[in-house]
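Novice: okay, here's the prediction I keep looking at, along with the sequence it came from:
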Amino acid sequence: MDPKPTITYDDFAKLDLRVATVVAAEAHPNADRLLKLQVDLGDHQRQICAGVKQFYEPEALVGRQIVVVANLAPRTIRGEESNGMLLAASDMTGSEDPRSPSDIILLQPGKPSPPGSSIS
């Protein structure tokens with residue numbers, strides 16, 4: 001995998017990484033690879049669309065804590081608004097397609113954390 005360009009600390013400091021708890025999850029109605037997640041960020045809930053459908057059953061995500069980019073500009077993905085992005089590791093070992101992971105591993109706190117907790 002090609003390395004991405006080096007960023008400054010100021011670039012990194014612009015990210016608002018937060019702990020979120022998944023309160024609901026379902027298949028995206030207009031996309032084969034996406035799930036619609038309703039996540040709790042402590043002071044509010046929001047919807048995030050994530051390309052993890054082939055790796056996670058929606059009901060297995062409910063109650064799980066994840067890490068999200070909370071200040072990503074909203075984006076409409078196949079007719080559904082997504083207000084953030086979850087963070088995940090892409091396991092490329094054993095993948096036949098160099099652009100498609102063999103597994104996706106969601107990033108999560110090491111122990112339960114209050115929803116909305118800042119990550120730095």
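Specialist: Done, it's in.
Novice: tell me which residue is most central in the protein.
Specialist: Against the mean C-alpha coordinate of the chain, by CA atoms, centre = their mean, the closest residue is residue 86 at 1.3 Å.
Novice: that one pairs with what?
Specialist: According to DSSP bridges, the partner residues bridging residue 86 are residue 68.
Novice: in the protein, what spans have low per-residue confidence?
Specialist: When residues are selected by pLDDT under 70, those of the chain lie in 1, 94-101.
Novice: ok, residue 68 - how many residues close by?
Specialist: By other CB atoms under 10 Å, 25 other residues sit near residue 68. Yep, even glycine has a C-beta here, placed from its N, CA and C like the rest.
Novice: hmm, residue 42 and it touching each other?
Specialist: No. Residue 68 is not in contact with residue 42 according to CB atoms under 8 Å; the separation is 11.7 Å.
Novice: find the residues that touch each one of these two.
Specialist: When contacts are counted by CB atoms under 8 Å, 6 or more residues apart in numbering, residue 68 and residue 42 are jointly contacted by residue 18.
Novice: which stretches in the protein count as helices?
Specialist: Taking DSSP state H as the test, the helices found in the chain are 9-13, 58-61.
Novice: tell me the gap between the first one and the middle of its chain.
Specialist: Mean-position distance between helix 9-13 and its chain equals 20 Å (CA atoms, centre = their mean, to the nearest Å).
Novice: wait, what's in contact with residue 24?
Specialist: Going by CB under 8 Å, 6+ apart, the list of residues near residue 24 reads 37, 38, 62.
Novice: deepest-packed of the helices of the chain, please.
Specialist: With neighbours defined as mean count of other CB atoms under 10 Å, the helices of the chain peak in mean count at helix 58-61, which reaches a mean of 14.
Novice: tell me what it is packed against?
Specialist: Where contact means 3 or more CB pairs under 8 Å, 6 or more residues apart in numbering; DSSP states H and E, helix 58-61 is packed against strand 17-27, strand 35-40.
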